[in-house]
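>>> Give me the fold of what follows.
(one chain, ligands or ions: 1)
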Amino acid sequence: MSGRISEDLIEEIRTSNDIVGLVSEYVPLKKQGKNYVGLCPFHQEKKPSFSVSPQRQIFHCFGCGMGGNVFKFLMEYQKMGFLDAVRYLAERANISLPARSVGYGSSSEYEPLYKANHLAAAHYHQQLLEGIEGEGARRYLKERGFSGEVVKAFRLGYAPPGWDSLIKRAGRHSISPEVLFKAGLAIKREFDEGYYDRFRNRLIFPITNASGKYIAFGGRVLEESDEVKYINSPETPLYQKGRTLYGLFQAKEAIRKAGAAVIVEGYTDLLSLFQAGIKNVVASLGTSLTEHQARLLSRYAREAIIVYDADPAGIAAAQRGLDVLLAADVSAKVLSLPAGMDPDQAVREKGGEYLAKGFQNAESFLDFKLRHVRQKPTFASVAGKAEAIEELGRTIGLIDDPIKRGLFVKEAAEKMGVDERLVALAVEKASPRKRGRLKVETRVAEVIPQETQLVERKLLALLLQHPSMISQVRGRLAAEDFSKEDHRKLAEGILAADEKGPVKPAALISSLAALGLESLVSELCFLEESGQVEKLVADRVRYLETKRLLREERELSSQLQDAEKKGDEQLVNRLTQRLYQIAQKRFEITSASG
Ligand SMILES: [Zn+2]
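Modelled structure (predicted):
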């Protein structure tokens, strides 16, 4: 698995990348006791069940079971192969790899899909710049006023009208139609064998991930017709809807510099703003921002300004957008455009200056919400006011920081002219999480674990957490003494690793990855238990030893019966003696446990 990079080097790379630092680049974490917790990036959740241990350099989610070390985190989060994760972290820690191991030959299963997307982006871009059929697309961009700089920065493209332009081009690069299909670039014929290009006669907007790799495409028709105006790549292993922000790769430096991001809805809105010099802009590519997008953005910006049209759909989208941003710990503001005007139009009709000034005066989330609850005809009545307070309470309740929350409660109460306690009450009532102590949600297991399995788990957890205890087990228990297969494999791994040196669970994960034991190891690392470690280990070793002796006893007894039937006196003697020794041993164990 480790290819040409030695295990020692992999271990050096692992220990040079602190897991809390790495994970925090992607997931907001909060300290809780010895560990850090946050919302799991691998499944949808409202309460944090994702834990990171700085001490053991391991993460684990008690909601979905995902767990592992820094390599595993990157592999899952960035959809990288193991070697890519190793390379990435080596670079991050300024460790140089042997020249031979850098470069191509990655084992990642995603690599062919990236390659297909990369080729498609190049093909479409070339067709736009030079293709004879690309004339209409070039004219369209010119009429819309998009410069060559924007076309280049976003690598806009054009998919020619034929059925197999991309398939043919890919064929010359040994990329099969099946791979194009998996990458969402080709469609299977319904009544015939084979495939055809998904994007035909459309202006192409390539979508990249935050590191600039092509993962999907959007295609727009050039003239108004019966066809759908925009089509997008379907979900693929590389691309999940609502998890990407269009333009983030191009915008991230500007966002970091400005400390804030501008959020628009569509491709052309974004391109217009970018061209007008507003470069810290991303597009949600959907009507409203998703939780994933907000969390992705929170890695780069503390503040975001949502720009949406002032029509009812736009307002509703902005309201939802504000909530997800606040929940992701991003301060949210809104810039409302005049009714019926989208950001693209605003730039073209009023200029970039107009928007830039607008951003400076953007409404805070609170003012925006207040303005809208006040506009409701019911606001004058008691019931209407109560409803408004509850609505604001729900939004303020999403803010995690208690100081910020308190300040907004105060401000909201003042601006509404109501008692502060009423707003605080609404926040408390709406608040989805338990304040103060975050409780890790433990799901009810489908099957109640049998006592033996539980003992095995607890013993393995102790050995991972206190590797000095492994010597207490060696010689008394072997891997075969564990009843569950995963436990056997893990025990074997722990005992083998211990022979080479002190066991580190996070290192063990890399070597046991092929056996699929990552999440078992990470889970056991977080299994807390009170009591004296030596005694707990000794008790469990005795328990499992006793189990083994009982198994042996049963086996020998049945052999003894056979031997007696056959009249094999010698064997009877040997078996009786062995059974006596086992009984003796069991007696010793029982009396030792006192
Ligand atoms: Zn999870």
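
>>> Tell me how far P402 lies from G286.
Separation of P402 from G286 (CB to CB, to the nearest Å): 32 Å. No exception for glycine: its C-beta is placed from N, CA and C like everyone else's.

>>> Neighbour count: these two, which is higher?
Between P402 and G286, G286 has the larger neighbour count (other CB atoms under 10 Å), namely 14 against 10.

>>> Could you tell me how far the more buried one is located from Y308?
For G286 relative to Y308 (CB to CB), the value is 12 Å.

>>> Need the residues touching each of these two.
Here G286 and Y308 share the contacting residues E265, scored by CB atoms under 8 Å, 6 or more residues apart in numbering.

>>> Let me know the next secondary structure element after the strand or helix carrying E353.
Under the criterion of DSSP states H and E, E353 resides in helix 352-360. The C-terminal neighbour of helix 352-360 among helices and strands, as given by DSSP H and E, is strand 363-364.

>>> got the contact list for the next helix or strand after that following strand?
Scanning forward in sequence from strand 363-364 by DSSP H and E, the next helix or strand is helix 365-375. If you take CB under 8 Å, 6+ apart as the criterion, helix 365-375 is touched by 315, 318-319, 322, 325-326, 331-334, 336, 363, 379, 387-388, 391-392, 395-396, 408, 411-412, 415-416.

>>> was I right about L549 contacting K585?
Yes - in this structure, L549 is within contact of K585 by CB atoms under 8 Å, at 5.9 Å.

>>> and this structure, which residues reach the ion?
For the chain, the residues in contact with the ion (CB under 5 Å from the ion) are C40, F42, H43, C61, G63, C64.

>>> Just give the nearest non-adjacent residue to the fifth one, would you?
This means G63. Ranked by CB to CB, 6 or more residues apart in numbering and with sequence neighbours excluded, the top spatial neighbour of G63 is S49, at 3.9 Å.

>>> do the second one as well
In space, not counting the residues next to it along the chain, F42 is nearest to M66; the distance is 4.6 Å by CB to CB, 6+ apart.

>>> In strands, which of the residues of the chain next to the ion appear?
In strands, judged by DSSP state E, the following of the residues of the chain next to the ion are found: C61.

>>> and R200, how far is that from V324?
In terms of CB to CB, R200 sits 35 Å off from V324.

>>> Could you check which of those two has the larger neighbour count?
Legend: neighbour count by other CB under 10 Å for R200 and V324, higher for V324 (20 against 17).

>>> Which strand or helix spans the more buried one?
Using DSSP H and E, V324 maps to helix 312-327.

>>> all strands for the stretch 301-450 of the chain, in order.
With strands called from DSSP state E, counting those that start in this stretch, the stretch 301-450 of the chain shows them at 303-308, 331-336, 363-364.

>>> Mean neighbour count, mean pLDDT and distance to E12 added to these, as a markdown table?
Shown next, in a markdown table, are the strands of the stretch 301-450 of the chain (neighbours: other CB atoms under 10 Å; pLDDT from 0 to 100; distance: least, CB to CB, whole Å):
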| stretch | mean neighbour count | mean pLDDT | distance to E12 |
| --- | --- | --- | --- |
| strand 303-308 | 25 | 93 | 38 |
| strand 331-336 | 22 | 93 | 39 |
| strand 363-364 | 16 | 93 | 47 |
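
>>> Can you add distance to L495 and give these back as CSV?
Formatted as CSV, these follow (distance: least, CB to CB, whole Å):
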stretch, distance to L495
strand 303-308, 51
strand 331-336, 52
strand 363-364, 59
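
>>> Where is the longest helix in this protein?
The longest helix of the chain (DSSP state H) is helix 533-566.

>>> what helices or strands is it leaning on?
Using 3 or more CB pairs under 8 Å, 6 or more residues apart in numbering; DSSP states H and E as the contact criterion, the elements in contact with helix 533-566 are helix 451-465, helix 470-473, helix 569-592.

>>> rerun at 6 Å
When contacts are defined as 3 or more CB pairs under 6 Å, 6 or more residues apart in numbering; DSSP states H and E, helix 533-566 sits against helix 451-465, helix 569-592.

>>> Which of the ones you listed has the lowest mean pLDDT?
Lowest mean pLDDT within the helices and strands packed on helix 533-566: helix 569-592, at a mean of 87.

>>> CA atoms only for that one, dumped as PDB, please.
Presented in PDB, the C-alpha positions along helix 569-592 are these (Å, rounded to 0.1, in the frame of the first residue of the first chain):
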ATOM      1  CA  GLU A 569      -5.300 -46.400  28.000                       C
ATOM      2  CA  GLN A 570      -2.200 -44.400  27.200                       C
ATOM      3  CA  LEU A 571      -4.300 -41.700  25.500                       C
ATOM      4  CA  VAL A 572      -6.800 -41.700  28.400                       C
ATOM      5  CA  ASN A 573      -4.000 -41.100  30.800                       C
ATOM      6  CA  ARG A 574      -2.500 -38.300  28.800                       C
ATOM      7  CA  LEU A 575      -5.900 -36.600  28.400                       C
ATOM      8  CA  THR A 576      -6.800 -37.000  32.100                       C
ATOM      9  CA  GLN A 577      -3.500 -35.400  33.000                       C
ATOM     10  CA  ARG A 578      -4.000 -32.500  30.600                       C
ATOM     11  CA  LEU A 579      -7.600 -32.000  32.000                       C
ATOM     12  CA  TYR A 580      -6.200 -31.900  35.500                       C
ATOM     13  CA  GLN A 581      -3.700 -29.200  34.500                       C
ATOM     14  CA  ILE A 582      -6.400 -27.100  33.000                       C
ATOM     15  CA  ALA A 583      -8.600 -27.400  36.100                       C
ATOM     16  CA  GLN A 584      -5.500 -26.400  38.100                       C
ATOM     17  CA  LYS A 585      -4.900 -23.400  35.900                       C
ATOM     18  CA  ARG A 586      -8.600 -22.300  36.100                       C
ATOM     19  CA  PHE A 587      -8.400 -22.500  39.900                       C
ATOM     20  CA  GLU A 588      -5.300 -20.300  39.900                       C
ATOM     21  CA  ILE A 589      -7.000 -17.700  37.700                       C
ATOM     22  CA  THR A 590     -10.100 -17.700  39.800                       C
ATOM     23  CA  SER A 591      -8.200 -17.300  43.100                       C
ATOM     24  CA  ALA A 592      -6.000 -14.600  41.600                       C
END
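
>>> Tell me the buried residues in that helix?
Across helix 569-592, burial judged by 16 or more other CB atoms under 10 Å covers V572, L575, L579, I582, K585, R586, I589.

>>> now do stretch 44-63
Quick answer for stretch 44-63 (16+ other CB under 10 Å): 45, 48-53, 56-63.

>>> What distance do you get for K79 to K213?
Taking CB to CB, one finds K79 at 9 Å from K213.

>>> So which of the two has more stuff around it?
Taking neighbours as other CB under 10 Å, K79 and K213 compare with K79 leading, 20 against 17.

>>> How about the contacts made by the more buried one?
Neighbour list for K79: Y110 [criterion: CB atoms under 6 Å, 6 or more residues apart in numbering].

>>> Measure how far the helix holding E353 is from the centre of its chain, please.
Distance of helix 352-360 from the chain centroid (CA atoms, centre = their mean, to the nearest Å) equals 34 Å.

>>> Can you give me the buried ones in that helix?
G352, L355, G358, F359.

>>> swap in stretch 387-405?
Across stretch 387-405, burial judged by 16+ other CB under 10 Å covers 388-399, 405.

>>> Check stretch 157-177 too.
157-160, 163-167, 169-170, 175, 177.
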